[in-house]
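**Q** build the 3D model from these lines:
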Amino acid sequence: MKNLKKIKSSHIYMFVLTIALIFLSYQVYWLNEKEYRISVQSSIDYLENAQSIKRLEFCVNHAIKDCTEENVDAWNEKHPEDAFKGKSHLDISRQAVKSTIQAGY
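**A** Predicted coordinates for the structure are as follows:
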């Protein structure tokens, strides 16, 4: 009981301040992680859109009327020397992560 009387308001203040700093640190970490994920997803979306545009240009240049992946794959099988070389989603994701890391995240 004697030790409880020695607790001062400054001790309580320091305890509350420590908890607040821990909470604030977690919030900063969470926001940075969220920004990283948003940045990677934006890069993936951009790279997939760029690939879709290239596929559409390929279809126009090679007179492929219905520009689906199946029709482009069929064209690639018939004309391997002039095939559309698109990237897989995994390759696009890896490139997005790499570019995000290089940007400083």
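**Q** what about the most centrally placed residue in the chain, which helix or strand?
**A** When Cα atoms, centre = their mean is applied to the chain, the residue found nearest the centroid is residue 40 (1.9 Å). Using DSSP states H and E, residue 40 maps to helix 9-61.
**Q** pLDDT averaged over that helix - what is it?
**A** Averaged across helix 9-61, pLDDT comes to 91.
**Q** coming back round to it: do you know how far the residue nearest to the centre of the chain is from residue 21?
**A** Here residue 40 is placed at a distance of 29 Å from residue 21 (Cβ to Cβ, to the nearest Å). For every residue, glycine as well, the C-beta is placed using N, CA and C.
**Q** would you mark the buried spots in the helix or strand just after the helix holding residue 40?
**A** Remark: after helix 9-61, the chain's next helix or strand is helix 69-78, criterion DSSP H and E. The neighbour-count check on helix 69-78 (16 or more other Cβ atoms under 10 Å) flags 72, 75 as buried.
**Q** next SSE after helix 69-78?
**A** helix 89-102.
**Q** which helices and strands sit right next to that next one?
**A** Under the contact criterion of 3 or more Cβ pairs under 8 Å, 6 or more residues apart in numbering; DSSP states H and E, helix 89-102 touches helix 9-61.
**Q** just want the angle from the helix it packs on to helix 89-102.
**A** 130 degrees (axes from the mean of the first three to the mean of the last three Cα atoms, to 10 degrees).
**Q** going forward, the N-terminal residue is numbered 20.
**A** Okay, residue one is now 20; in that scheme the one you just asked about reads as helix 28-80.
**Q** distance from the chain centre to helix 28-80, please.
**A** 8 Å (Cα atoms, centre = their mean, to the nearest Å).
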